[in-house]
Structure formats: C-alpha cells, structure tokens
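Provide a 3D model corresponding to the input given below.
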Amino acid sequence: MELDWLLALPLPENMPRQRVLYHRLREAILSGRLAAGTRLPASRSLATSLKLARNTVLFAYEQLVAEGCLLADRQGTRVALLPVCAMGPSSSGRGTAVPLKLSSRAAAALQPEPAREAAVLPFAPGTPDYGAFPFRTWRACLERAWRDAGWRQLGYAAHGGDPALRAAMAAHLTTIRGLAVDPAQIVITSGTQAALDLCARLLADHGDTVWVENPGYLAARVAFGLAGLRVHDIPVDSEGLAPSEEDWRGHSPRLIMITPSHQYPTGRVMSLSRRLSLIERARQASAWIIEDDYDSEFRRTGPAPPALFGLQPDVPVVYVGTFSKTLYPGLRLGYLVLPHAIAADFARATTQATRPGQGVEQRALADFIERGYYTAHLRRMRARYGARQVALRIALKAAFGRSVELSGGEAGLHLVMWLPEGICDTEVAARAAALGLGVRALGSYTRAPMTCNGLVLGYGNLEEGMIAEAVQRLVVAVESQVIPPHEN
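Sure thing, here's the model as predicted:
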C-alpha cells in the first residue's frame, strides 16, 4: 500500500515527525479514508518508503494500537472496525454534520459586549485606576500568605471561604457599612457574577421569575438567563426600582435584583420609603432581594444610604459586594452576606457547586484588610475619584454648556450625560469608539419599552491631565451626530 500522501501535506510547525505521522494516520482512520480491515505496511517497509526512521513508524503504530485505532497480531497491522465520523468536506459526504452551537437559553441570555481592550480607554465605565494600586503592599501580603501557606490554602477553600477573610470582612462591614454581621453569614465568591449565579441556582428554581432594573446591569441578565430564570424588566425612576401593581400581580418574582445605593448605570439612589416598601412586598411574595452594593465604598455626598440588608431583622435580602472596583477585577473575589437562616446551608451548597479555591489570595486579602491597608486605600481612592469627577463636570459644562444634564455623581466611578432628542446615544458611542474613547451608550443598558438616551462616562481610569483632551474628542463624537435644522 502506498502511503506517501501521509507526509505530502505541509508539516505543522514545531511538531516532531513521529507525531505528524501519528496524527495523519489517525485522521485517515477516523474519517474512513483508511477503511476497516486495511492492512498497513510493515514498519520497516513504511519507514523506507517515507524516508523516516523505523522508530518513528513504530511510535505511530504503537500509539494507534493503544488507542484502539489499529489491531496488531502475527498477521500484521490492520485498521480496526470503528464508526466512521464526518470530518468536513474531505469526508466525501459520510455522516450528517451536526451544527455546533450553544443552547437556546445561552444564546438568548448573552448580551453584546465591547472588546476587552476598550476597558482601558478613556471614559470606560467600571474601570478603576490601575496605576494607583498599592503594588508593594499587596505583594508583601501575598508573600506572607505564601510563606505561611499550608495544605488548606493549596486545596479547595473551606465552606464559605477562608475563615480569616470572612472574619476580616465581617469587621469591615460592621465598621464601614454599619451591618451587624458575623463571619458565619459571609460567603466568599469569585466576584459578583459568580455571586449572582449562585443566588439564581440556590434561591430560585428553573422557570422562576427574576426582576431586574431597566436600565440595568447587563451581566446580571446573563447570569439569570443562563440559570433558566425568566427575566422581567422593571423601570427605574428618580427613587430607584419602580414596580407597578401589574408587575406584582402578573409577574410575581422569586428574585429581585437591585443596585439601590447607586443604581447602575443611572446613579440614582433608592429612597428609604421605596426600600421599606420593597422589603414588605417581597415578604408577601416570598421573594428574595439581591442587593448589589457595588459602589458604596466610593460615596462622596454624605454617608451611604442604609443597606436594605440591615434595615429590619430577618429581611429576605442577600447582600452582594466585590473587590473588582476597590482593588482590581483580575483578583476575582467578591462576597455574599446572608441571613442566619440560610447562611450555613448556602455555604455548603456553594462548596459543592463550585469547589472554590484561591486560598492564598484569600489569606493575603485578609491580611491586607486586617492591617488597615484596605481602609487606607479606599480613603485615598475616594479622594482621587472625587477630584476627577469635579474636574470632569467642569470640563463637560465648559464644552457642552452649563445646561448639560449630568447624574450619578453621588458615588462610584462614572457619570451619566443625558443627551437631547435628535442625538442618538448608540451612534455617538460608535463614533467615540473610533476616536479612542470607551464611552457606553445608556440605551445599550435598556430594554423596550423603556427608553433612555445618554452616555455613561467612566472616570476611574482617567487622569485629571487627560480629561480636557478626552472631552474634546467627545465633543467631536457628539457634534458629528447633531441633525442640522431643515432648510425650507
């Protein structure tokens, strides 16, 4: 049998010839090009024909025999009887190609996402100041954590996370956020997205309804959709989430996802009366409230509003926090604060569902918090971000006029600049991207019939010296979308 065609194709880079021969034979067998029962040449004969070392042929034959593709006995080496697979156009039509795609639930849940490099562009929302991160201090905490690491840090994390980190977070939340919690109520997660996924799977059943803010956090929709929940949009007004009686009657929720202290992305704050009303109605509906308090650390206009979690005893609220904005997103650590009634079971279920790790990083973060570095870092960044927001407000008013409408400045890392009719925010955002800006259209966070028209302007990664030039580019993006008056 002539098998010269095996090596006639271009050789893959950096692959030994014995591996090339093995892969070519294997592909020919699985595609049916070498039919079952076909007898292959003796190893010495094939090596001579292909100008290869005999050991190269022996390696390929022995590997294929071990995998069951070839059979070897006293009569020689022959192709085993295997189901023939379709291998694309070269398969001569054998078999029926099955399209490879995600589930319909996943396809429906996924949202458009900007390119990853857009996260470092001026005005990219949700991006902290990487240059201000305390690298030396954090490195020292990591080195101490590695020096003291044992088998517990190298294995899966304990139920709920590292005990030292849970204790440090309980003390921090009690002091800074006024939440009277103990370590047993805290579950460490791999960021906010993982926390929402856990809530969707452990607090609701497939097909249950979850309320989300409109406009709102797109990644939450993805997490809930992938968990098989029915996502129902609730509009946001000046006081926060604003459900109607029809929403309560016709779309009774099992989960209610809110960002009450700094609504994402509008920045509006939920009023106290709205918070208390939501808690009471959630109790009546046997619903859980997921309170994402993502920006409370960077509050600038007075103390942060009280968290729903601590407003009343035994509230049906799960409190979500993250270190992505306060430290850096790549750390992939966040946390949940749970009522006593479910905390222990939730922690055990979390361990069984996710097998959490990052033991060394968790211990380093506990050290970072206990030594006061975290509080000091938050204080520095609060002042830095506050100064940037003031400078950005001044620059925007100078460029667009003092009547320009801005919102969301009470906390966080972004402002919303509302646009007048006649200027489309999605078109402005596209033009801004071409000019090297990471602006997001407010409309991209919105679902019909709700409509919003504005720009989400992140300033966390925007040095004060860059603000004037970035705003001028934004002016070009906005002015290019202005519709000229109709001439009669």
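
Number of residues surrounding residue 352?
Residues within reach of residue 352, counting by other CB atoms under 10 Å, total 9. Bear in mind the C-beta positions are built from the backbone N, C-alpha and C, glycine included.

so which strand or helix has the residue nearest the centre of the chain?
Taking CA atoms, centre = their mean, the centroid of the chain lies closest to residue 193, which sits 5.4 Å from it. With the criterion set as DSSP states H and E, the secondary-structure element containing residue 193 is helix 192-203.

from the middle of its chain, how far away would that helix be?
Centroid separation for helix 192-203 versus its chain: 12 Å, with CA atoms, centre = their mean, to the nearest Å.

hmm, who's touching the longest strand anywhere in the chain?
Here the longest strand in the chain is taken by residue count, with DSSP state E as the criterion, and it is strand 230-237. The contact list for strand 230-237, computed with CB atoms under 8 Å, 6 or more residues apart in numbering, reads 207-216, 221, 224-225, 241-243, 247, 251, 253, 263, 266, 268, 447, 450.

before we move on, what about stretch 333-343?
Stretch 333-343 is contacted by residues 160-161, 169, 173, 179, 181, 184-192, 194-195, 198-199, 309, 314-324, 346, 358, 361-362, 365 when judged by CB under 8 Å, 6+ apart.

After the helix holding residue 193, which helix or strand is next?
Secondary structure here is assigned by DSSP H and E; on that basis, the next helix or strand after helix 192-203 toward the C-terminus is strand 209-214.

Return the alpha-carbon coordinates of stretch 459-473 using PDB.
Written as PDB, here are the backbone C-alpha positions of stretch 459-473 (Å, rounded to 0.1, in the frame of the first residue of the first chain):
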ATOM      1  CA  TYR A 459     -13.600  58.400  35.000                       C
ATOM      2  CA  GLY A 460     -11.900  55.900  37.300                       C
ATOM      3  CA  ASN A 461      -9.000  55.400  34.800                       C
ATOM      4  CA  LEU A 462      -9.000  59.000  33.600                       C
ATOM      5  CA  GLU A 463      -6.100  61.100  34.900                       C
ATOM      6  CA  GLU A 464      -7.000  64.700  35.500                       C
ATOM      7  CA  GLY A 465      -4.500  65.800  33.000                       C
ATOM      8  CA  MET A 466      -6.200  63.700  30.300                       C
ATOM      9  CA  ILE A 467      -9.800  65.000  30.900                       C
ATOM     10  CA  ALA A 468      -9.700  68.100  28.800                       C
ATOM     11  CA  GLU A 469      -8.400  66.300  25.700                       C
ATOM     12  CA  ALA A 470     -10.800  63.300  26.200                       C
ATOM     13  CA  VAL A 471     -13.800  65.700  26.500                       C
ATOM     14  CA  GLN A 472     -12.700  67.500  23.200                       C
ATOM     15  CA  ARG A 473     -12.800  64.100  21.500                       C
END
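
ok, of the contacts of stretch 333-343, which come out buried?
The neighbour-count criterion (16 or more other CB atoms under 10 Å) marks 160-161, 169, 173, 179, 181, 184-192, 194-195, 198-199, 309, 315-324, 346, 358, 361-362, 365 among the contacts of stretch 333-343 as buried.

Strands - which of those land there?
Here DSSP E is the test, and the buried ones among the contacts of stretch 333-343 give 186, 187, 188, 189, 317, 318, 319, 320, 321, 322 as lying in strands.

Could I get those in TSV, plus columns for distance to residue 379 and pLDDT?
Supplementary listing: those in TSV, determined by distance: CB to CB, whole Å; pLDDT from 0 to 100:
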residue	distance to residue 379	pLDDT
186	23	96
187	27	95
188	24	94
189	25	92
317	28	96
318	28	97
319	22	96
320	23	96
321	18	93
322	19	92
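
Need the max-distance pair from the residues you listed.
With distances taken as CB to CB, the most widely separated pair in these is 188 and 317, at 18.6 Å.

residue contacts, the nearest residue to residue 274 once chain neighbours are set aside?
With sequence-adjacent residues excluded and distances taken as CB to CB, 6 or more residues apart in numbering, residue 274 is closest to residue 239, at 4.8 Å. Taking CB under 8 Å, 6+ apart as the criterion, residue 239 is in contact with 268, 269, 270, 271, 273, 274.

Can you tell me which of these is closest to residue 121?
Out of these, the member with the shortest distance to residue 121 (by CB to CB) is residue 268, at 25.6 Å.

In what element of secondary structure is residue 466 found?
When secondary structure is defined using DSSP H and E, the element that contains residue 466 is helix 464-479.

List the buried residues in that helix.
Applying a neighbour-count criterion of 16+ other CB under 10 Å, one finds 467, 470, 471, 473, 474, 477, 478 buried in helix 464-479.

neighbours around residue 375, how many?
Neighbourhood size, residue 375 [other CB under 10 Å]: 14.

Also residue 350?
Taking other CB under 10 Å as the criterion, the count of residues near residue 350 is 24.

and it, that's in a helix?
Yes. With DSSP: H, G, I helix; E, B strand; the rest coil as the criterion, residue 350 is located in a helix.

so who does it touch?
Taking CB under 8 Å, 6+ apart as the definition of contact, the neighbours of residue 350 are 159, 160, 187, 189, 198, 202, 356.

Distance check, it against residue 165.
Note on residue 350: its distance to residue 165, by CB to CB, to the nearest Å, is 14 Å.

circling back: now tell me which of the contacts of residue 350 the prediction trusts least.
Checking pLDDT across the contacts of residue 350, the minimum falls on residue 356 at 71.

Now do that one: how many residues are near it, please.
By other CB under 10 Å, neighbour count at residue 356 equals 22.

Ok, residue 406 next?
18.

what's the closest non-adjacent residue to it?
The shortest distance from residue 406 to any residue other than its chain neighbours is 5.3 Å, reached at residue 415 (CB to CB, 6+ apart).

repeat for residue 219
Once its chain neighbours are removed from consideration, residue 219 has its nearest residue in residue 193; the separation is 5.7 Å (CB to CB, 6+ apart).

Many thanks, I have nothing further to ask.
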